[in-house]
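Q: From the sequence below, what's the structure:
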Amino acid sequence: MRRMENLIGLVLLGGLLVSAATVLGGGVIFLWRHGSSPVHYRVFRGEPSDLRTLAGIWADATRPSGRGIIQLGLMLLVAVQVVRVGLTGTLFLLNRDAKFVVITLMVLALLSYALFFAGR
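A: Model prediction:
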């Protein structure tokens, strides 16, 4: 059980560091290309439509686009939490704690719904 808890901690730490490095790298690229562009505060422009899907984020990140890399880093941060919930469910399953396995599966189902279907 202790090894599983250590694994969950390492996944969280590693995922956070990879995500932060990805966002930082994307921020540097974005500022390098657009840092001197004037900002128009009177007009709100949300994220472009290509950065609202996983395929669009991946396409922009491989170009490399600063915004796409930042979005990829944020998606990695969310993915780390999904992996953490899955590992926690596995830990509860190994401990034969049925109540917490069910709760973890419900959380995983809600996360999956929110990630893939809620924005449509």
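
Q: Report the secondary structure state of Val43.
A: Three-state assignment for Val43 (DSSP: H, G, I helix; E, B strand; the rest coil): coil.

Q: show me the residues around it that make contact.
A: Under the criterion of CB atoms under 8 Å, 6 or more residues apart in numbering, Val43 has no neighbours. C-betas here are computed from N, CA, C, even on glycine.

Q: How confident was the prediction at it?
A: Val43 carries a pLDDT value of 82.

Q: Can you give me the end-to-end span of stretch 90-106?
A: 14 Å (CA to CA, to the nearest Å).

Q: Go ahead and name everything in contact with that stretch.
A: Contact with stretch 90-106 is made by 1, 4-5, 8, 85, 88-89, as judged by CB under 8 Å, 6+ apart.

Q: rerun that using 7 Å as the cut-off
A: If you take CB atoms under 7 Å, 6 or more residues apart in numbering as the criterion, stretch 90-106 is touched by 1, 4, 85, 88-89.

Q: Just the buried ones from those, in PyMOL syntax?
A: Buried residues among those (16 or more other CB atoms under 10 Å), as a PyMOL selection:
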select buried, resi 85+88+89
